[in-house]
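> can you look at this prediction? I've put the sequence above it.
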Amino acid sequence: MTTLVTGGAGFIGFHVARRLMERGQSVVALDNVNDYYSVQLKRARIAKQQADFGDAFHFVEVDFADKRALDAALAAREFEKIVHLGAQAGVRYSIENPHAYVQANLVGHLNVMEVARHRGAPHFVYASSSSVYGGNETLPFRVEDRVDHPLSLYAATKKADELMSETYAHLYRLPQTGLRFFTVYGPWGRPDMAMWLFTKAIFAGEPINVFGEGNMRRDFTYIDDIVTGVVAALDNPPPDDGSEKAGGSKAPHRLYNIGNNASEELLRMIEILEDACGRKAEKNLLPMQPGDVRDTYADISAIERDLGFEPSTRIDVGVPRFVEWYRRYHGV
């Protein structure tokens, strides 16, 4: 079996592709390798896949927001299921460059859904985000909660993706699963994320900027647990039986939170990071950034009930693993 993975040079896409290939499948990995963060890191991920998996890994460099280019790039490619992880990421960057989010996350999502529809894909799994919960104040966040008050354009585009997917599931009976990821971290991660930025600054002897005066909580989710949830979802398309699914749809469309089911204090994460790095951080305590939320916490009962998902990596294990990889990658 061959699976199309968009965002294949990205953090989560890299790991999902590996898990699929480790169990004997082939992957068509699609990415435009943009410069939102280090192109060198993205190229290194691609090179590692090619070195480790050879002909099981097929990389296609194309912008999926360009429909004509996407159709041409995939015309000769055979695949069955689709995991759509590609997007313009980052809450804060969406304030600076809103058009990039509309193009990649709205137009791009539609284009890849159209590929799934016309190919008759048996399942279309896509990345949403915990950011959709926005101004919600009741914790933990449940997939049954209203998500009508996004605090960033990034969050608004992810909610719009969910709505478009619901429409396609209803109109075309395209089986879909949307996954709301909670603060993903781990080896081969993203340099724009706090854990990477903090680690880099600590090793450089530079201060770290801690927003929200440090009074923030996050449901930090280790990459291996995220991948386990993605693959479990991919293997179990929602039935088109008229029953109400997780998230409330009666079409073949489900929504799940994938988190660690543990909301951790940001300052505790920094303490674990300091221990793993072997040095203390100098902290600049700053106000909340526009678009940020103070607390995240995933209720994972729906995916636990339906797919048996149980995260197994707490931050006191996952953070040192990230630091160990960071040391190897950067030679520090």
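In hand now; what should we look at? Given the structure is predicted, the values throughout are model-derived calculations rather than measurements.

> where in this protein is pLDDT low?
291 (pLDDT under 70).

> which residues in it form strands?
Assigned by DSSP state E, the strands in the chain fall at 2-6, 26-31, 57-61, 82-84, 124-129, 176-181, 184-185, 208-210, 217-218, 221-222, 253-258, 264-265, 283-285.

> turn these into JSON lines, including mean neighbour count.
Glycine gets a C-beta too; all of them are placed from N, C-alpha and C. Formatted as JSON lines, the strands of the chain follow (neighbours: other Cβ atoms under 10 Å):
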{"stretch": "strand 2-6", "mean neighbour count": "24"}
{"stretch": "strand 26-31", "mean neighbour count": "24"}
{"stretch": "strand 57-61", "mean neighbour count": "18"}
{"stretch": "strand 82-84", "mean neighbour count": "27"}
{"stretch": "strand 124-129", "mean neighbour count": "27"}
{"stretch": "strand 176-181", "mean neighbour count": "26"}
{"stretch": "strand 184-185", "mean neighbour count": "24"}
{"stretch": "strand 208-210", "mean neighbour count": "17"}
{"stretch": "strand 217-218", "mean neighbour count": "22"}
{"stretch": "strand 221-222", "mean neighbour count": "26"}
{"stretch": "strand 253-258", "mean neighbour count": "28"}
{"stretch": "strand 264-265", "mean neighbour count": "18"}
{"stretch": "strand 283-285", "mean neighbour count": "13"}
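
> turn those into TSV, including distance to residue 236.
Output for the strands of the chain, formatted as TSV (distance: least, Cβ to Cβ, whole Å):
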stretch	distance to residue 236
strand 2-6	14
strand 26-31	19
strand 57-61	24
strand 82-84	13
strand 124-129	10
strand 176-181	8
strand 184-185	21
strand 208-210	39
strand 217-218	28
strand 221-222	20
strand 253-258	9
strand 264-265	29
strand 283-285	43
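
> name the nearest residue to residue 234, ignoring sequence neighbours.
In space, and not counting its chain neighbours, residue 234 is closest to residue 125: 5.1 Å by Cβ to Cβ, 6 or more residues apart in numbering.

> may I see the buried residues of stretch 214-232?
Buried residues in stretch 214-232, counted by 16 or more other Cβ atoms under 10 Å: 216-232.

> and for stretch 144-156?
147, 150, 151, 152, 153, 154, 155, 156.

> show me which pair in those is furthest apart.
Farthest-apart pair in the buried residues of stretch 144-156 is 147 and 153; separation 14.6 Å (Cβ to Cβ).

> out of the strands of the chain, flag the one nearest residue 92.
Among the strands of the chain, the nearest to residue 92 by Cβ to Cβ is strand 208-210 (11.7 Å).

> the closest one packs against which elements?
helix 194-204, helix 266-277, strand 283-285 (3 or more Cβ pairs under 8 Å, 6 or more residues apart in numbering; DSSP states H and E).

> would you turn these into a markdown table with distance to residue 23?
Conversion of the helices and strands packed on strand 208-210 to a markdown table gives the following (distance: least, Cβ to Cβ, whole Å):
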| stretch | distance to residue 23 |
| --- | --- |
| helix 194-204 | 28 |
| helix 266-277 | 30 |
| strand 283-285 | 43 |
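
> wait, which of the ones you listed is closest to residue 138?
Short answer: helix 266-277, nearest of the helices and strands packed on strand 208-210 by Cβ to Cβ, at 20.3 Å.

> residues making contact with that closest one?
194-195, 198-199, 202-203, 208, 210, 212, 214-218, 220, 280-281, 283, 315-316, 319-320, 322-324 (Cβ atoms under 8 Å, 6 or more residues apart in numbering).

> got a list of what the residue nearest to residue 234 touches?
So residue 125 contacts 81, 82, 83, 84, 176, 177, 178, 179, 230, 233, 234 (Cβ under 8 Å, 6+ apart).
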